[in-house]
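Novice: Sequence first, then the predicted structure:
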Amino acid sequence: MTILTYDCTAFDGQKPGTSGLRKKTRVFMKPGYLECFVQSIFNAIGGVAGKTLVVGGDGRFFNAEAIQTILRMAAANGAECMIVGQDGLMSTPAASHLIRKRGADGGLILSASHNPGGIDADFGLKFNTANGGPAPESVTDAIFEATKTIDHYKTLDTADIDLTGIAETALGDTRIEIEDPVVDYAMLMEELFDFDALRALFESGFTMRFDAMHAVTGPYAKALFEDLLGAPDGTVMNAVPSMDFGKGHPDPNPIWAKPLVDLVMSPDGPDFAAASDGDGDRNMILGKGIYVTPSDSLAVLAANAHLAPAYERGIAGIARSMPTSAACDRVADAYGIECFETPTGWKYFGNLLDAGRVTLCGEESAGTGSDHVREKDGLWAVLLWLNILAVRRMSVKDVLLDHWQTYGRNYYSRHDYEALDTGTAQELIADLTDRLDSLAGQSFGACTVTKADIFSYFDPVDGAQSHNQGLRIFFEGGSRAVLRLSGTGTDGATLRVYLERYEGPAGDLTLTPQIALHEIATATAEITGLAVRTGRTAPDVIT
Ligand code: G1P
Ligand code: ZN
């Protein structure tokens, strides 16, 4: 087997975003594009000679080819061992777990998460470090620097490896271990949760639907819910992973998982429903007749985590991304534990988790997780909810009402304006940034601004600083609006507007969120001049 060294010219724009490098699939398929990025990762981490890496992906179009390229390049660069998911598949949380369990030096995860898959859709690649978490900014910055100067990459002249069976094989001097990641992941879940209580819940007639959205979690969900916990066949919908996610968006929100939402809102719908995204790290939770916002879900999980064996001694602290609602802050206050506000992206939770400062983390974008891995984890969130329901024997709706009656309700919604002209979106943000200091004291409709700023984060563990992490406008009464541009989109710019308003326990807790937030939305539109600047009168996606 010969090591081939190819000269290459650096590609522009290989800058990892909120979660790795995301591009149109055709961009990743350009000759040398993937190779340059992979070699840049290897170069930035001091090479892979003698190292063990985990590699797997969400099975989207180009996953199979990209894995073979990565394996050949890792072998040519002297890796000792590559742990690969069977058929090249691995959910993101399962990859995080395997990196930790096997003591690997890191991992490569092939996914564009909840973005659609296909030759005309999206592809992505991210590097996770030895703690199992997404590479921190210091590493992604080093990778980006390496992409600018790369002039050659190494690969082998070998045929593709057969990844269909569980086997140990070799590529040059590199050991290739093909694993079924479902087994390890299911074992971990069994350690965390009370599976006997969960089996008893299903035996009592409790009904559930899990929508795997034709993505990577189908086999995991079937193994867990149907095989291990005894839920009837058919509990898991859309369970077979497909390269284009059944031509849908594998994004677990009320828009893209509408059939599931319609089902659970119908009179004879199941007691509980949930969905996960392309690579299995996001989750959506629903109960009969009710949708649980991710921010509320984090707060409910934090308030009730002690009901599951893994967290019975209580949780150390909570972290949430800045745009996530402050619902969990109230739980942290009540329990007397720390609560951290970090920039958007799971990579900012890693240090807090490693240092034992927090046990639970969450983002408004349907991400919740704990210190069991270093990624958000969709199925984990579903199982923790089930464990709580199995102990409390209440409906999801009653659990939520009880929560609001205890802590009050943070009405919350995110409005996304997608595929905006990049220049227009950047101007909107730049102009608002210039006016931020003058906003305090001004009234817009019924809302008066108390403070406006740009969010910066100072990592309390390693002191790293992250600036420009979103614009915040605070209103009298504790309401706020947050604006930031997406770091994962691949079409122009996506502007995210996050709206929040707090209502105390004695207030009106059952308003429709868009109505509860109407005044803040109107004030924010006036402040930003959004409609005039973008020509958009309504968001493309409301979650
Ligand atoms: C989005 C979410 C963010 C999440 C990321 C990766 O990033 O908003 O919370 O961590 O996807 O799943 P954004 O597109 O907003 O940069
Ligand atoms: Zn994802």
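Specialist: That came through fine. Since we're looking at a predicted model, the values are computed, not measured. Ligands and ions are numbered 1, 2, ... in the order given.
Novice: Endpoints of stretch 302-313, how far apart?
Specialist: Length of stretch 302-313, first residue to last, CA to CA, to the nearest Å: 12 Å.
Novice: quick one: buried residues of it?
Specialist: 302, 303, 304, 305, 306, 307, 308, 310, 311 (16 or more other CB atoms under 10 Å). Where C-beta positions appear, they are placed from N, C-alpha and C, glycine not excepted.
Novice: Stretch 137-157 too?
Specialist: Quick answer for stretch 137-157 (16+ other CB under 10 Å): 137, 139-140, 142-144, 146-147, 150, 153-156.
Novice: Just the ones of the residues you listed in strands?
Specialist: Within the buried residues of stretch 137-157, residues falling in strands by DSSP state E are 153, 154, 155, 156.
Novice: Tell me the confidence at the last one?
Specialist: We note a pLDDT of 97 for residue 156 in this prediction.
Novice: do residue 368 as well
Specialist: 98.
Novice: if I read this right, it contacts residue 297, doesn't it?
Specialist: Yes: judged on CB atoms under 8 Å, residue 368 makes contact with residue 297 at a distance of 6.1 Å.
Novice: what touches both of those two?
Specialist: Both residue 368 and residue 297 are contacted by 283, 362, 381, under the criterion CB atoms under 8 Å, 6 or more residues apart in numbering.
Novice: Wait, a strand at the first one?
Specialist: Yes: secondary structure assignment places residue 283 in a strand (DSSP: H, G, I helix; E, B strand; the rest coil).
Novice: Flag every residue of this protein that's near ligand 2.
Specialist: 113, 277, 279, 281, 282 (CB under 5 Å from the ion).
Novice: Of those residues, which is the nearest to residue 493?
Specialist: residue 113 (18.0 Å; CB to CB).
Novice: and the lowest-mean-pLDDT helix or strand in the chain, anywhere near ligand 1?
Specialist: Within the chain, confidence by mean pLDDT, DSSP states H and E is lowest for strand 541-542 among all helices and strands, at a mean of 90. No: Strand 541-542 stays out of contact with ligand 1 when judged by CB under 6 Å from any ligand atom, the minimum separation being 11.5 Å.
Novice: now for that strand, which elements pack on it?
Specialist: strand 409-420 (3 or more CB pairs under 8 Å, 6 or more residues apart in numbering; DSSP states H and E).
Novice: Provide the strand pairings for the strand it packs on, with the direction of each partner.
Specialist: strand 493-503 (antiparallel), strand 541-542 (antiparallel) (DSSP bridges).
Novice: in it, what counts as buried?
Specialist: The neighbour-count check on strand 409-420 (16+ other CB under 10 Å) flags 409, 410, 411, 412, 413, 414, 415, 416, 417, 418, 420 as buried.
Novice: Show me what the fourth one bridges to in the sheet.
Specialist: The reference is to residue 412. residue 500.
Novice: Surely it is in contact with residue 298?
Specialist: No: in this structure, residue 412 is not within contact of residue 298 by CB under 8 Å, at 11.1 Å.
Novice: Now for those two: what residues contact both?
Specialist: Common contact partners of residue 412 and residue 298 (CB under 8 Å, 6+ apart): residue 327.
Novice: For the closest residue to residue 242 other than its chain neighbours, which residues are in contact?
Specialist: Spatial nearest neighbour of residue 242, chain neighbours left out: residue 214 (4.6 Å); criterion: CB to CB, 6 or more residues apart in numbering. Contacts here follow CB under 8 Å, 6+ apart; on that basis residue 214 touches 238, 240, 241, 242, 244, 245, 246, 248, 250.
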